[in-house]
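> Sharing a sequence plus its predicted fold:
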Amino acid sequence: MSKERRKRLEQALRGAGVRVTRQRAALLGVIAAASDHPDAAELHARAVAAGAGVSLATVYRTLTTLQAQGVIDKLEFQGEPARWEAADEAHHDHMIDLDSGAVIEFTDDRIERLQAEIAAEMGYEIVHHRLELYVRKSRG
């Protein structure tokens, strides 16, 4: 998946008229390989660790372009810097652990059905939705 995702990211940049420089190519590799929800600073650090002399400004510009092209999604969780994930993933919701900062993906057909039922009862059809649960481990 990582190679396909990387190719899609490169095509998106080119489609936006942005050159895929060596630095951007390294950054795209880092984005494509991410299985978590990194923020821009984390992506920058990973790209630098991989040997790319990419600036944080280039990371932000690249992320903004990729979002505008619809290949990555920006996740804005309460009180945290924006995080990023591939837009090609199946629908899922997120739990954010307030103590550790971990972002846990989950899907639950019961929640999906209930949301659809509520919307229908009110005369609506869900076009898009996002569910975020802010959680702490139970103490007991």
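Received the coordinates, thanks. Residues are numbered from 1 along each chain as shown.
> buried stuff in stretch 93-103?
Across stretch 93-103, burial judged by 16 or more other Cβ atoms under 10 Å covers 93-94, 96, 103. Any C-beta I mention is one placed from the backbone N, CA and C, and that applies to glycine too.
> ok, the residues you listed vs residue 40, which is closest?
residue 103 (15.1 Å; Cβ to Cβ).
> any idea how far that closest one lies from residue 135?
Residue 103 is 11 Å from residue 135, where distance means Cβ to Cβ, to the nearest Å.
> same question, residue 70
In terms of Cβ to Cβ, residue 70 sits 29 Å off from residue 135.
> Neighbour count for the two, which is higher?
More crowded of residue 70 and residue 135, by other Cβ atoms under 10 Å: residue 135, with 13 against 10.
> Report the beta-bridge partners for the more buried one.
In this structure, residue 135 bridges to residue 97 when assessed by DSSP bridges.
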